[in-house]
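> A structural model of the following input is requested.
(one chain, ligands or ions: 1)
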Amino acid sequence: MCGVPFHSAHTYVERLIEKGYKVAICEQVENPAEAKGVVRREVVRVITPGTVMEENMLVDQENNFLVVLSGNGQDMALAAADLSTGECHVTQWSGSFDRWLDEVSSYQPREVVLDETLASQSALRQAITLRLKAVITPFTPDPAEESGILEALPRQFERFDEICDTPLLRRVATVLLGYLTATQKRSLGHLTRLRRYDARQYMVLDESARRNLELTVTLGEGKRKGSLLWLLDKTATAMGSRLIKKWLDKPLLELGEIQARQDVVQAFLDDWILFDEVTDLLKQVYDLERLAARISFGSANARDLVSLKRSLSVIPDLRRLLIEAGCPRLRKSGESLDECADIRELVERAIVDDPPVSVKEGGMIREGYSDRLDELRNIQKDGKSWITSLEKKEREETGIKSLKIGYNRVFGYYIEVTKSNLHLVPEGRYIRKQTLANAERYVTPELKEREERILHAAEKSVEMEYELFTNVRAKVAKEVLRLQELAGKVAELDVLRAFAQVARHYGYVRPVVTRGDRLYIKDGRHPVVEAVSPDGHFVANDVELDANSRRILLVTGPNMAGKSTFMRQVALIAVMAQIGSYVPAAEAEVGIIDRIFTRIGAADDLIGGRSTFMVEMTETCRALKEATPRSLILLDEVGRGTSTYDGMALAQAIVEHIHDRVGAKTLFSTHYHELTRLEGQLKDLVNVHARCVERDGKVVFLYRIVPGGADRSYGIHVAELAGLPQEVIDRARNLLADLEGADRESREDGPRTTPENGQLSLFDDFVSETAATVQPASAVPVLSQEEREALRALRDFDLMNKTPMDCMLLIHELKKKLN
Ligand code: ADP
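Numbering: from 1, shown residues only. Predicted coordinates for the structure are as follows:
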C-alpha cells in the first residue's frame, strides 16, 4: 500500500508490473469540496501483467495477451485476450499436456489465469512459471456472480452463443469476463469480437521448433535481431508488425489462403509505383488498433483522437490505389475498406490540431464546435482586453507610466505601483492588497468583479471542454468495431507489402505450394545467415524430399560444415511459404507441412531442470510420437549428449523408427559418418554430405550439400582450425590412431567382447567397415612425439653441406631421443 503523486504513478506501476505484481489503483470517488469527513476512496482498477493498457508498458510491435485456461479433466479450453488491441481468441481441444503448453506459449503471455480445476495442478503451474515465465493467477468467479456473468456474455461478445457452443468454451469465457470485470471495473466496449479457431487449422510449431528455428527471437541472446521475424518485419505500421509475428506463430495449412496472400505479394512486386505509394500512405497510419482500444477504454486523450483522424485521412487514397491497382484481390480489399469518414469529420470538427496531453486543462476543442464554449471563451478574451484598457486608463489618470496590472493564483488580478511612484497614487483610489520590497499591489471593486467573471468563465470552459471531449470520445468508442476491422485490413496489407519488399531486396521467388507430398528447393538459402553475412555470400543448396524413396536425408559432414544451417533453411523456407511469403531460392515446391519438429543444437534447459541429453531425448520423443507423414522432422546430431556407442545406437534406432513407422520427411544430421551405411538398408533414406576438402593438411568448408555420405570425420582438423594448441592436436591424432589400431586388433582377435552393457554388438559389422575406411584416409602414423621430432630432424638435415662428424653427431642425437 502506498500513496504516490498521480502524475508519477505510471513509473511505479510499470516497475511493479515488470516484477510480476498486480497493482490496485485507489482513487477518491467524491468531490473533496463536498465530502463530509474523510473522502470516500475506492479501488477503481487493478492493473495486472496481462491487462496492461498503458502505452509506456507496452511494446508497439508486440501483443500483450492474457491467457485463461479451463479444463474438464479431458479437454482444455483457452481464451487469449489482448486488452490493448481488443483481440480475443478462443479454442478448445484435447491432446497431450505438451501440446497445450505449446498453444499457450504461442501467445507468450505475461499472465495466465487458471480456472479452479487447473489451479491445483502443480505440473502445469511449474511449466507455466519456468518454461513460459508467466505469472499465474488462480481465479474462479464468485458463484454468486456467475449467473450475472453468464447473462452478460452474449452482450459483451458478438455471436457469443454461436461461437462458444460447448460447456467448456462457455466456462473459459466466463472466467475471462469474470476476471476482467473484477480487475478493470469498467465496460470493455472494444473487447467484443470473439474469434474461435481450431489449432489444427495451422501448422504446429511447438516451443522448441520456434526456438530452434529462431522464428521470433535468436537462440543465444533471445533478441529479435537475427531472427526470421526481424528479417521479414519491414512493416510500416505497429499493427503490421504484430500481425507478422502472429502469422509466424501460426503458418497456414489451407492452400487457397496461402495463394491469396501470395497473389497480393506478387501484385506489389509487379507494380513498384503502387508499392511505393502504398508504403508512403501506410507510414502515416498510427496504431489504429491500440488507439481504438484506448478510446473505447476511456483512456485516450485528445492527441490520440488527432492521431486517429490523421490515420483515417489516408484511407480514401489507400482505397483508391487498391481499387485501381489492377489486381482482383487488391481491388476487393480496397473496396472493403471502410473510410470511417464520419469519425474523421467528427474529430476534425471537434478537436484542434495540436491539443495538449492533459484532458483536464482545456485547449482541446476547436472554435465553432460549441456555441456555449465559444461564449465562455469570449468572456475571457473580452475580460483580458478590458484589463489592458484599464491598465492604460489608470496610467493616464495617475500619470504613473510604470503602473501595471498583473495576475497571480493567490491574489488574482492586481494593480502594481513601484515604491518610487507611490506618492502619485490619489488617496482612496485603490484598496491596498499586498506590500512587496519595492512595490505595492492594489485592487479595486471593479477589477475584482471583472476578475470573478473571467475566472468563472475560464473554469467553466475547462470543465466544458472536458465534457465535450469525453462526449466525442464516447461517440467514437461506439464505432470501435469498424475501427478494429479497418485496422485488421490495414495490418494485413502492410504485412504483404513487407513480404514484397523483402522478396525484392533479397531476390526471393514465389514458391509453388501444393497439397502434394514433395518438398523441392533449388538453390535454397538460409534467409538470415545470408542477410547477415558481411559480403552477402552464401552457398545455395538444393533439397528434394518426397514420399517415395527420398523421405529421409542423412546429412553427414564435419562440424562447422554447414549441416545445421542447411537443415534450418529447409524448415524456414517451408514456414515462409506457408505464411504466404516468397522464399530464398531459385525455385521451390512445398507440399503443405502440418508440423515441424526440431532437435537442433545442445542447449541445457537448466532453469527447466533438464540436462542437455534429457532435453534432446524429450524433443526427439515428441517427434517420434506425434509426427505424421505430412510433418517435417529435423534431427541434428541426436545422440551426441552421451557416449559414442550409446549415441550411435540411439541415432540408428531413431532413424529406423522414423523410416518404418512415422513416415515423416526427415533431415537427420550426424557426425557418425558410420551411419551412412543405412542408405543400403532403408529404402527411403538417402545420404548427402556437406562437402569439405583438405588443402595443405587443413580442412576447407565448401558448404555444398552433395549426394553421398562423408568419408570420415574431420573433428581434429576443425579443432586445429579453432586454434587448439598444436600439442593437443598431435596428442589427439595419436590417440585416434591408437584407438583405431586397438579396434582393428580386437577384431582380428576374434569375436568382440562387448563392454559392460553389451551395446556394441549393434555396430559390430560396421565398426569394421569404419576402420577400413578410416585407416587409409586418416594416414596418421602411430608415432610418439619423440619419434616425430626425430624424423623431422632427419628430414631437415642438409646432408650435402655437412661433414661426416656432423652426421655422427646427428645420429647420436637421434638415438638419444629414441631411447
Ligand atoms: P554444422 O551444423 O555442420 O556444425 P553450421 O550449419 O552450424 O555447421 O555452420 C557453421 C557456419 O558456417 C555457420 O555459422 C555459417 O556462418 C557458415 N555457413 C553454413 N552454411 C553456409 C552456406 N551455405 N554458405 C555460407 N556459409 C555457411
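> all contacts plus neighbour counts: C-alpha atoms, from now on.
Will do.
> quick one: average pLDDT of whichever strand or helix holds I258?
Counting by DSSP states H and E, the element that carries I258 is helix 255-270. Confidence for helix 255-270, expressed as mean pLDDT, is 96.
> what are the buried residues along that helix?
Residues I258, Q259, R261, Q262, D263, V264, V265, Q266, A267, F268, L269 are the ones in helix 255-270 that count as buried (16 or more other CA atoms under 10 Å).
> repeat that for stretch 375-384.
Neighbour-count burial for stretch 375-384 flags L376, R377, I379, Q380, G383 (criterion: 16+ other CA under 10 Å).
> residues near the residue of the stretch 351-500 of the chain found nearest the ligand, how many?
In the stretch 351-500 of the chain, no residue comes nearer to the ligand than F499, which is 22.8 Å away by CA to the nearest ligand atom. Using other CA atoms under 10 Å, F499 is surrounded by 32 other residues.
> which residue sits closest to it, ignoring its sequence neighbours?
S581 (5.6 Å; CA to CA, 6 or more residues apart in numbering).
> one more: L346?
V472 (7.5 Å).
> what residues are up against the one you found?
Going by CA atoms under 8 Å, 6 or more residues apart in numbering, V472 touches L346, V347, A350.
> and the first one, that's in a helix?
What that stands for is L346. Yes - judged by DSSP: H, G, I helix; E, B strand; the rest coil, L346 forms part of a helix.
> which pLDDT value belongs to it?
If you check L346, the pLDDT there is 97.
> do the same with the one 10 residues further on
Per-residue pLDDT puts P356 at 94.
> related to what we said a few turns ago, what helices and strands are in contact with the helix holding I258?
helix 272-283, helix 328-335, helix 480-506, strand 512-514 (3 or more CA pairs under 8 Å, 6 or more residues apart in numbering; DSSP states H and E).
> which residues in the stretch 401-550 of the chain form helices?
With helices called from DSSP state H, counting those that start in this stretch, the stretch 401-550 of the chain shows them at 445-477, 480-506, 527-532.
> deepest of the ones you listed, which one?
helix 480-506 (a mean of 22; mean count of other CA atoms under 10 Å).
> so T183 is in which element?
Here T183 is assigned to helix 167-184, by DSSP H and E.
> what average pLDDT does stretch 192-206 get?
Mean pLDDT, stretch 192-206: 90.
> for N301, which non-adjacent residue is spatially closest?
V359 (6.1 Å).
> SS state for G639?
Applying three-state DSSP: G639 is coil.
> one step back: tell me how far the helix holding T183 lies from the chain's centre.
The chain centre lies 26 Å from the centre of helix 167-184; the measure is CA atoms, centre = their mean, to the nearest Å.
> what's near enough to touch the closest residue to K522 other than its chain neighbours?
Spatial nearest neighbour of K522, chain neighbours left out: D542 (4.5 Å); criterion: CA to CA, 6+ apart. Contacts for D542 (CA under 8 Å, 6+ apart) come out as Y520, I521, K522, D523, G524, I705.
> looking at these, which are in strands?
Residues of the contacts of D542 located in strands (DSSP state E): Y520, I521, K522, D523, G524, I705.
> so what's K683 up against?
Contacts for K683 (CA under 8 Å, 6+ apart) come out as S549.
> doesn't it fall inside a helix?
No - assessed with three-state DSSP, K683 is coil; it does not lie in a helix.
> give me the pLDDT for it.
With respect to pLDDT, K683 scores 91.
> from A571, how far off is it?
K683 sits at a distance of 23 Å from A571 (criterion: CA to CA, to the nearest Å).
> and R99, helix, strand or coil?
What three-state DSSP gives for R99 is helix.
> nearest residue to it other than its sequence neighbours?
Leaving aside its chain neighbours, R99 sits nearest to D206 (7.5 Å; criterion: CA to CA, 6+ apart).
> pLDDT-wise, which helix or strand of this structure ranks last?
Lowest on mean pLDDT, DSSP states H and E among the helices and strands of the chain sits helix 764-778, with a mean of 33.
> so the closest residue to the ligand within the stretch 651-800 of the chain is in which element?
Using CA to the nearest ligand atom, the single residue of the stretch 651-800 of the chain nearest to the ligand is Y703, 4.7 Å away. Y703 is part of strand 698-707, with elements assigned from DSSP H and E.
> who touches the helix or strand following that strand?
Going down the chain from strand 698-707, the next helix or strand is helix 715-721, by DSSP H and E. Contact with helix 715-721 is made by P558, N559, M560, K698, V699, Q726, I729, A732, R733, as judged by CA under 8 Å, 6+ apart.
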